[in-house]
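K.L.:
make a model of this:
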Amino acid sequence: MRKIIMLLTLVMGLSLLAPAPAYAKKETPGPMSTLDRAFKVEITALTEAETMLKTISDAKSAKNVKTKLMHKFSLLRPLLGGTDAQLEELARAQNRVSAVMWELKKEPYFEEENLQELWTVMTHHFVRRSANLLK
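P.N.:
Take a look at the predicted model:
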């Protein structure tokens, strides 16, 4: 009898540690807050910008990329607040963009096409056109 009780206790303990069955109802996260959505949009835009900036090879491509990115970032609202994790993820995305821009800074078309302006708009939210709407 004692062995049966020990065996049942062991089986019950293991069942508590087992993963939930596939048919179990999964918790769905609630709707994203406006701030969460804004961070997601901002970080996605920075990731796309990093990819686009890496395609720049001459003045013409620099001008095209700058035009597209200036439009995209000038419409994004400045981020106010956020959790430590969100701010850290944002900083990492901005740093990746900055790393590409530091490489482009060595090129002669960096100044010709005024890529510094683009760099500022991407990494400093309060110079964007949309920041004027907060006043």
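
K.L.:
just checking, residue 101 touches residue 119?
P.N.:
Yes: Residue 101 is within contact range of residue 119, at 4.8 Å (criterion: C-beta atoms under 8 Å). No exception for glycine: its C-beta is placed from N, CA and C like everyone else's.

K.L.:
from residue 82, how far out is the residue positioned nearest the centre of the chain?
P.N.:
Centrality entry for the chain: nearest residue to the mean C-alpha point is residue 43, 2.3 Å, by C-alpha atoms, centre = their mean. To residue 82, residue 43 is 11 Å away according to C-beta to C-beta, to the nearest Å.

K.L.:
what touches both of these two?
P.N.:
Listed contacts common to residue 43 and residue 82 are residue 90; contacts here mean C-beta atoms under 8 Å, 6 or more residues apart in numbering.

K.L.:
could you point out which element follows the lowest-mean-pLDDT helix or strand in the chain?
P.N.:
When the helices and strands of the chain are compared on mean pLDDT, DSSP states H and E, helix 2-17 comes out lowest with a mean of 60. Going down the chain from helix 2-17, the next helix or strand is helix 34-53, by DSSP states H and E.

K.L.:
would you pull up how far that following helix lies from the middle of the chain?
P.N.:
With C-alpha atoms, centre = their mean, to the nearest Å as the basis, helix 34-53 stands 5 Å off its chain's centre.

K.L.:
next secondary structure after that helix?
P.N.:
Next along the chain from helix 34-53, counting by DSSP H and E, comes helix 59-75.

K.L.:
who's in contact with residue 45?
P.N.:
Contacts of residue 45 (C-beta under 8 Å, 6+ apart): 72-73, 76.
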